[in-house]
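Peer 1: give me coordinates for this.
(chains A and B)
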2 protein chains.
Amino acid sequence: MSDAIDGTRLRERFDDFNEIGATERGGVNRPSLSAANREARDRLVEWFEAAGLEVTVDEMGNLFGRRAGADESLAPVLFGSHVDSQYNGGRYDGVLGVLGALEVVESLNDEGLETERPLEVVAWSNEEGVRFQPDMLGSGVFAGVFDVEYAYDRTDKDGNRFGDELEGIGYRGEQPCEPRDLHCYFELHVEQGPYLDEAGLSIGVVEGVYGFSWMNAAFEGSADHAGPTPMHLRHDALVATSDVVQAVRRIAGTEGEDLVGTVGSIDAHPNSINVIPERVEFTVDVRSYDNAVVEAAVERIREEIEWAAEREDVTWEFEEIMRIDADPFADECVETVERAAQAVVGEDFRRIVSGAGHDANYLNTLCPTSMIFVPSVDGISHVEEEFTEWADVVDGVEVLRRAVLEKANE
Amino acid sequence: MSDAIDGTRLRERFDDFNEIGATERGGVNRPSLSAANREARDRLVEWFEAAGLEVTVDEMGNLFGRRAGADESLAPVLFGSHVDSQYNGGRYDGVLGVLGALEVVESLNDEGLETERPLEVVAWSNEEGVRFQPDMLGSGVFAGVFDVEYAYDRTDKDGNRFGDELEGIGYRGEQPCEPRDLHCYFELHVEQGPYLDEAGLSIGVVEGVYGFSWMNAAFEGSADHAGPTPMHLRHDALVATSDVVQAVRRIAGTEGEDLVGTVGSIDAHPNSINVIPERVEFTVDVRSYDNAVVEAAVERIREEIEWAAEREDVTWEFEEIMRIDADPFADECVETVERAAQAVVGEDFRRIVSGAGHDANYLNTLCPTSMIFVPSVDGISHVEEEFTEWADVVDGVEVLRRAVLEKANE
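Peer 2: Here you go, the predicted model:
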């Protein structure tokens, strides 16, 4: 269904690129600032330059390739994603958005098309956050959320500094990493969830990103012996916690259509087969596109924790450690993507909200932004089995091309 | 209410003895084969000898003090407990049974009473099992359950062997540690549960020890992202586990009057705030004095695990790793203790079953056995706050004296 992008060229590049850091089980292992990540960056620079892009690297290692516009005084259209991977991650996550952006440029070159505005392709540093936390560090500094020194001082588990490792792979650039004037930002990405695949659709027009809350909680009871302690005299921190695990599942099913809730982490003490759990610490993650739903869910979970503590006669602790509001993308960009999707796949798309965060969130604070999702088969991501049908990839890149072109000629 | 034991002498010895390894918060720290454990053994040897007992130490470090009987050809009455402690444990656990036994001997000495049968006071090695596993190692070897070499090869977490450490504190004796002819065995111990304290009773006549089952189980689902994965497509191993935690609590409340059930240990993977738990491993401990109730509970828990796995569409694993039948003590010894209790406290006692294991379990395989419990205030044990009213201690030792005397003149 594609018009102007060259799916064969893209496929060759995609396969070639994913030889770098390839794993035996079909994934890639290119964590941030690794040797494989350096090699991936080198390849991008080579291809960017071969496509006539002017390459710059900023002080965070964010890699830009600029294609001149008819009017160089206009703010550029920026589009791209990232090429760092999870440890033993998939071949599509991030890569698609960067190689897809390059293919858009190549297709314009093929046609000899000049756009009014300059175009910039970008590969953001340290999106995954598996080696250096927080994630989305390159775009975060670019958006002014973190300063460069903070980013440089992040260490991996071996104590290596981000700044030193960036220098070490030769990608600590000169250009300041700071907000600048942008016309808009687009990012093509795999969905990393099952909605599109389940519905049999090719394209997701991303309206925004879920808001979320992260909570730490704990119960503390008595570490009595599992034998001589009758049930009615127990103060079992794990029984109270299991009440909350059940409540989170129930709340997610009743408090909001799009609400999801997860108890992801749990640690019990003394964690012994014949001792009643004295203390259990656990986390709760809730997400919705409706900030009021997140707010209500947090309040309800706090109540459930109180009730569970009361039932089991244990003490409780609760702290909300992070709250990020839902991030709706700019209508104009969402509508641009939607028009492009209609042109490419007809009815074969839906509007969608992203459950996971992306570099696009930070860009959305700087300029009108939207994203394009292509399906993740079975919703699987962050693992070597990650897979997207190639026809969907080609459609996604074509949607990106049309969205970029529309905005680049405004 | 006591007749012949000297509560003041016992109190002085109890306080004196608990200076050894005393903690700031009122407990004791005398784990097996520690310097404090050696000092405690030295003190016992000194007091045993001062009381005219013939001291022997066997190759497991079990410490015996023998008082001759009128007929030395008769099998002796054995009574005692242990003096190793939990790390930062309480002052009553074990100590009461050994110092109480010594006080029984002293009181007979005071009266100039000779018994038909010889008497032997014992302090068993390594009852607690906090430094070297398994627990009840000294009495276990004595009963022929483990061989000596197996016991010697047990290591603590620093890799020190039990045999070497026993040698190191000078308590690797010459006498073989093996089953021998005994008339009966009595053990006075704190209840370590709340039943006596709750009922306001002074004495528990221990009929036997609960049977139990230990189970290992696991669920395995999918480690999907907590954001983009809708509730209806989740396979959350922790939600399934929380079903089982709830079921264990419910089963314990419905399947048998004395049934207790505990999920004591839980480990989740990857245990990350924003990832759905892929795998959760947990343990279940169920206990009852009725073997059929334990059997039914194990079967029911296995079913609940299957049902939880089906609901959440995850795989499950289940293994029963240990099953110990209920251990009823010999009627004749239980009745002896009951008569003694009636004589000492009138109606102020009840028959009771022990939820925890004791050295007496192993002795029960060798000779008629019973135990005497005194209350643990609030059921608290294995911690520094462990406490028993002194009047109850004195009653308990007096019951022990009467039970020993009855049997020693048979």
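Peer 1: what is the burial count for the residue of the stretch 251-400 of chain A found nearest chain B?
Peer 2: The minimum distance from the stretch 251-400 of chain A to chain B, using CB to the nearest CB, falls at A:Gly355 (3.1 Å). Where C-beta positions appear, they are placed from N, C-alpha and C, glycine not excepted. A:Gly355: 25 surrounding residues under other CB atoms under 10 Å in any protein chain shown.
Peer 1: so what's it up against?
Peer 2: Residues near A:Gly355 by CB atoms under 8 Å, 6 or more residues apart in numbering or on different chains: A:192-193, A:209-210, A:260, A:287, B:225-229.
Peer 1: ditto for A:Val104
Peer 2: With CB under 8 Å, 6+ apart, A:Val104 has these contacts: A:5, A:79, A:119, A:121, A:397, A:400-401, A:404.
Peer 1: these two touch, right, A:Val45 and A:Val55?
Peer 2: Yes. If you go by CB atoms under 8 Å, A:Val45 and A:Val55 touch, sitting 5.5 Å apart.
Peer 1: anything in contact with each of those two?
Peer 2: Contacts common to A:Val45 and A:Val55, judged by CB under 8 Å, 6+ apart, are A:Leu63.
Peer 1: and the one helix or strand A:Val245 maps to, how far out from the chain's middle?
Peer 2: Using DSSP states H and E, A:Val245 sits in helix A:237-254. Distance of helix A:237-254 from its chain centroid, counting by CA atoms, centre = their mean, to the nearest Å, is 27 Å.
Peer 1: show me what it is packed against.
Peer 2: With contacts taken as 3 or more CB pairs under 8 Å, 6 or more residues apart in numbering or on different chains; DSSP states H and E, helix A:237-254 sits against strand A:211-220, strand A:260-262, strand A:266-269, strand A:279-288, helix A:291-312, helix B:237-254.
Peer 1: so which bits of it are buried?
Peer 2: For helix A:237-254, burial by neighbour count (16 or more other CB atoms under 10 Å in any protein chain shown) applies to A:237-249, A:251-252.
Peer 1: and for stretch A:269-277?
Peer 2: Those would be A:271-277, for stretch A:269-277 by 16+ other CB under 10 Å.
Peer 1: check stretch A:400-410 too.
Peer 2: A:400-408.
Peer 1: what's the local residue count around A:Glu310?
Peer 2: Neighbour tally, A:Glu310, other CB under 10 Å: 11.
Peer 1: surely A:Val383 forms part of a helix?
Peer 2: No. Per DSSP: H, G, I helix; E, B strand; the rest coil, A:Val383 lies outside any helix segment and is coil.
Peer 1: not counting sequence-adjacent ones, nearest residue to it?
Peer 2: With CB to CB, 6 or more residues apart in numbering or on different chains as the criterion, A:Val383 has its nearest non-adjacent residue at 6.3 Å, and that residue is A:Gly90.
Peer 1: so how far is A:Gly346 from that neighbour?
Peer 2: Per CB to CB, to the nearest Å, A:Gly90 is found 28 Å from A:Gly346.
Peer 1: these two - which one has more neighbours?
Peer 2: A:Gly90 (26 against 10).
Peer 1: list the contacts for A:Glu116?
Peer 2: A:69-71, A:74, A:408-410.
Peer 1: for it, grab phi and psi.
Peer 2: Dihedral angles of A:Glu116 (phi, psi; degrees, to the nearest 10) stand at phi -60, psi -50.
Peer 1: kindly report the same for A:His225.
Peer 2: According to degrees, to the nearest 10, A:His225 has phi -70, psi 130.
Peer 1: wait, it sits on A:Ser272?
Peer 2: No. Contact criterion CB under 8 Å: A:His225 and A:Ser272 do not qualify, at 10.1 Å.
Peer 1: contacts only, for the closest residue to A:Ser272 other than its chain neighbours.
Peer 2: In this structure, A:Ser272 finds its nearest non-sequential neighbour in B:Gly264, 5.4 Å apart by CB to CB, 6+ apart. Shown in contact with B:Gly264 (CB under 8 Å, 6+ apart): A:226, A:238, A:268, A:271-277, B:283, B:285.
Peer 1: and with 7 Å instead?
Peer 2: A:226, A:272-277, B:283, B:285 (CB atoms under 7 Å, 6 or more residues apart in numbering or on different chains).
Peer 1: assumed it was part of a helix.
Peer 2: No. Assessed by three-state DSSP, B:Gly264 does not belong to a helix; its assignment is coil.
Peer 1: per-residue confidence at it?
Peer 2: Looking at B:Gly264, its pLDDT reads 95.
Peer 1: how about low-confidence regions in chain A?
Peer 2: A:1-3 (pLDDT under 70).
Peer 1: grab the most central residue of it for me.
Peer 2: What sits nearest the mean C-alpha location of chain A, by CA atoms, centre = their mean, is A:His358, with 3.5 Å.
Peer 1: quick one: residues contacting it.
Peer 2: A:187, A:189, A:209, A:371.
Peer 1: tell me how far the second one lies from chain B.
Peer 2: Read it as A:His189. Using CB to the nearest CB, to the nearest Å, one gets 11 Å for the distance from A:His189 to chain B.
Peer 1: thinking that residue is in contact with A:Gly97, fair?
Peer 2: Yes. Using CB atoms under 7 Å, A:His189 is in contact with A:Gly97, at 5.3 Å.
Peer 1: touching both of these two, which residues are there?
Peer 2: A:Ser81.
Peer 1: higher neighbour count, those two?
Peer 2: More crowded of A:His189 and A:Gly97, by other CB under 10 Å: A:Gly97, with 33 against 28.
Peer 1: next one: that one from A:Glu127, what distance?
Peer 2: 10 Å.
Peer 1: contacts only, for A:Gly61.
Peer 2: Under the contact definition (CB under 7 Å, 6+ apart), the residues listed for A:Gly61 are A:125, A:138, A:166, A:171-173.
Peer 1: among those, which are within reach of chain B?
Peer 2: When CB under 7 Å from any CB of the partner chain is applied, no member of the contacts of A:Gly61 is adjacent to chain B.
Peer 1: got those residues as TSV, with secondary structure and neighbour count columns?
Peer 2: Output for these, formatted as TSV (DSSP: H, G, I helix; E, B strand; the rest coil; neighbours: other CB atoms under 10 Å in any protein chain shown):
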residue	secondary structure	neighbour count
A:Ser125	coil	32
A:Gly138	helix	28
A:Leu166	helix	25
A:Tyr171	coil	22
A:Arg172	coil	18
A:Gly173	coil	18
